[in-house]
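S.K.: Sequence first, then the predicted structure, then my questions.
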Amino acid sequence: MLRAASSKLARMRRSLPRLGLSPALLVNVVLALAVAGAATWAYTSFASAEAAESGSGSTRTVPVSEGTVTATVAASGTVRSASTASASFGTSGTVTEIRVQVGDKVTKGQVLAIVDDTAAQRQLDAAEADLDAARAAVDRAEEAGSDTSEAEAEVDQAEIDVAEAEDGVAGTTLKAPMAGTVTAVNGTVGSSASGGSGSSGGGSTGSSDGSTGSSGATAGSGSGSDSSSTGFIEIADLTRLEVFASVAEADATKLKSGQTGTVTWNALPGTEATAKLAAIDPNATSENNVVTYGVTFTLAEVPDGVRAGQSVEVSVTVGQVDGVVLVNSAALTSVGTRHTVTVLEGGQSVVRPVEIGLEGDSTTEIKSGLAAGEQVVINMPTTSTNQGGFPGGGGFPGGGGLPGGGGLQGGGARPGGGR
């Protein structure tokens, strides 16, 4: 390349007098041609080498061995109370008193909050007056020897009205439906609370005492509220904790009640506990076309530092076989129920059908077709990290042969654009 450049330089020197060009300009032109030629050669060489490399791929061999194949189902979950209750007023009214706050421990039947009972008491007084009047009507009918059936019917209705009015007065006082810790207060003094249909208990293994108490639902905001809260005050038994997780529908078919799992805590490195699968939700949850099932685990022992709301990882062993022939699962090629591996025999790759057993997390049981000690081939994926011969995807920065995007600075043979 340098010899050709020198010959070209000699010929151009002999032509300089006729062209009126200076020797300095000639040197610049020849240098630019030499650099451009070298860049073209390097670009072509690198691109060809990269194309050859990306097209070839790579493989490695792994031995067939004997050992244990283990299959597990893993899921992310959350620690929660095993028994919760949602306490709400049975009668609408303005909240006049709240006697607890988040974190307080309460006993079953303890008064938690009160709403103004003026309207409820007035309704009770009217119902009692109607009952007295109905009973008096019965007495008058009996004294007159008249038919008392209609008057007695009015007494029955009045007694029902009184009972309902008494419930309305009782509903102005909110009591704890279970013993536990207050986890949310969804209202403030002076806010309005609307009556509802009843308190509710929660938790897959919650106790029955969480389903009784004053009835109602609430409106208003307060400290410690939770997006899933439905009552004026939420209570949880924090001495009984469990783990709730969601698993994919394919994994849910591998789970059954009574299986043992291992729980690890994201916030407590090195901490783990044994858990038992207590329940699998009968109905699935679908979000963005992803179907999952909720699963609940009971903790055999609660480690120190564990609190409700912490995130955890749960792993359940759903299958295990010992002392079997096994191979790295990446060596298998499966089409329907047909499975093959590529075996290295005498330096040649031979495709061989195999019968598989348990498919584990990283290895697969081989029932027939392979023997321990044989070598199987695994194809290794390759990726191309550079699309051009040089960074930036072009021969040189700027998109041209030299910086600036042109052959020479200024874009002309001589400064000024003329001879």
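M.R.: Alright, I've got the coordinates.

S.K.: Regarding A137, what is its secondary structure?
M.R.: The three-state assignment at A137 reads helix, by DSSP: H, G, I helix; E, B strand; the rest coil.

S.K.: And the helices in the stretch 51-200 of the chain?
M.R.: Shown for the stretch 51-200 of the chain, the helices assigned by DSSP state H, counting those that start in this stretch span residues 118-144, 149-170.

S.K.: what is the orientation angle of the shortest one with helix 118-144?
M.R.: Read that as helix 149-170. 160 degrees (axes from the mean of the first three to the mean of the last three C-alpha atoms, to 10 degrees).

S.K.: Identify all contacting residues around helix 149-170.
M.R.: Among residues not part of helix 149-170, those counted as contacts by C-beta atoms under 8 Å, 6 or more residues apart in numbering are 90-91, 117, 120-121, 123-124, 126-128, 130-131, 133-135, 137-138, 140-141, 214. From N, CA and C alone the C-beta is placed, and that goes for glycine too.

S.K.: Correct me if wrong: M178 contacts S86.
M.R.: No. Using C-beta atoms under 8 Å, M178 is not in contact with S86; the gap is 10.3 Å.

S.K.: Can you dump the C-alpha atoms of stretch 242-260 in PDB for me?
M.R.: Once side chains and other backbone atoms are set aside, the C-alpha atoms of stretch 242-260 remain, and they are given as PDB (Å, rounded to 0.1, in the frame of the first residue of the first chain):
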ATOM      1  CA  GLU A 242     -49.300 -16.500  58.600                       C
ATOM      2  CA  VAL A 243     -47.900 -16.100  55.100                       C
ATOM      3  CA  PHE A 244     -50.000 -15.300  52.000                       C
ATOM      4  CA  ALA A 245     -48.600 -15.700  48.500                       C
ATOM      5  CA  SER A 246     -49.800 -15.900  44.900                       C
ATOM      6  CA  VAL A 247     -48.700 -18.700  42.500                       C
ATOM      7  CA  ALA A 248     -49.100 -19.200  38.800                       C
ATOM      8  CA  GLU A 249     -51.900 -21.500  37.700                       C
ATOM      9  CA  ALA A 250     -49.400 -24.100  36.400                       C
ATOM     10  CA  ASP A 251     -47.700 -24.200  39.800                       C
ATOM     11  CA  ALA A 252     -51.000 -24.300  41.700                       C
ATOM     12  CA  THR A 253     -51.700 -27.700  40.300                       C
ATOM     13  CA  LYS A 254     -48.600 -29.000  41.900                       C
ATOM     14  CA  LEU A 255     -49.600 -27.800  45.400                       C
ATOM     15  CA  LYS A 256     -51.800 -29.500  48.000                       C
ATOM     16  CA  SER A 257     -52.700 -28.800  51.600                       C
ATOM     17  CA  GLY A 258     -50.200 -30.100  54.200                       C
ATOM     18  CA  GLN A 259     -47.100 -29.700  52.100                       C
ATOM     19  CA  THR A 260     -44.100 -28.200  53.900                       C
END
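
S.K.: Counting neighbours, which bits of that stretch end up buried?
M.R.: For stretch 242-260, the neighbour count (16 or more other C-beta atoms under 10 Å) marks E242, V243, F244, A245, S246, V247, D251, A252, L255, Q259 as buried.

S.K.: State the phi and psi torsions of D116.
M.R.: Torsion angles at D116 (phi, psi; degrees, to the nearest 10) stand at phi -60, psi 120.

S.K.: actually A308, not the one I typed
M.R.: When quoted as degrees, to the nearest 10, the phi and psi of A308 stand at phi -60, psi 140.

S.K.: That one and T239 touch, don't they?
M.R.: No. Counting by C-beta under 8 Å, no contact exists between A308 and T239, whose distance comes to 10.7 Å.

S.K.: So which of those two has more stuff around it?
M.R.: Legend: neighbour count by other C-beta atoms under 10 Å for A308 and T239, higher for A308 (17 against 12).

S.K.: which residues touch the more buried one?
M.R.: If you count contacts by C-beta under 8 Å, 6+ apart, A308 has them with V79, R80, S81, T183, A236, L238, L241.

S.K.: what do you get for T59?
M.R.: For T59, the set of contacting residues under the criterion of C-beta under 8 Å, 6+ apart consists of V377, I378, N379, M380.

S.K.: Can you lay out the residues you listed as a markdown table showing distance to V354 and pLDDT?
M.R.: Conversion of the contacts of T59 to a markdown table gives the following (distance: C-beta to C-beta, whole Å; pLDDT from 0 to 100):
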| residue | distance to V354 | pLDDT |
| --- | --- | --- |
| V377 | 13 | 92 |
| I378 | 14 | 91 |
| N379 | 17 | 82 |
| M380 | 21 | 74 |
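
S.K.: Of these, which belong to strands?
M.R.: Using DSSP state E, the members of those that fall in strands are V377, I378, N379, M380.

S.K.: Drop anything exposed from these.
M.R.: Of the members of the ones in strands among the contacts of T59, the ones counted as buried by neighbours, 16+ other C-beta under 10 Å, are V377, I378.

S.K.: could you dump the ones in strands among the contacts of T59 to CSV with distance to R338?
M.R.: Written out in CSV, the entries for the ones in strands among the contacts of T59 read as follows (distance: C-beta to C-beta, whole Å):
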residue, distance to R338
V377, 18
I378, 19
N379, 18
M380, 23
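
S.K.: Could you give the average pLDDT over the helix or strand hosting I235?
M.R.: In this structure, I235 sits in strand 233-236 according to DSSP states H and E. Model confidence over strand 233-236 averages 95 on the pLDDT scale.

S.K.: Contacts for that strand next, please.
M.R.: When contacts are defined by C-beta under 8 Å, 6+ apart, strand 233-236 is touched by residues 80-81, 83-88, 100, 106, 112-113, 174, 176-178, 180-186, 210, 226, 308.
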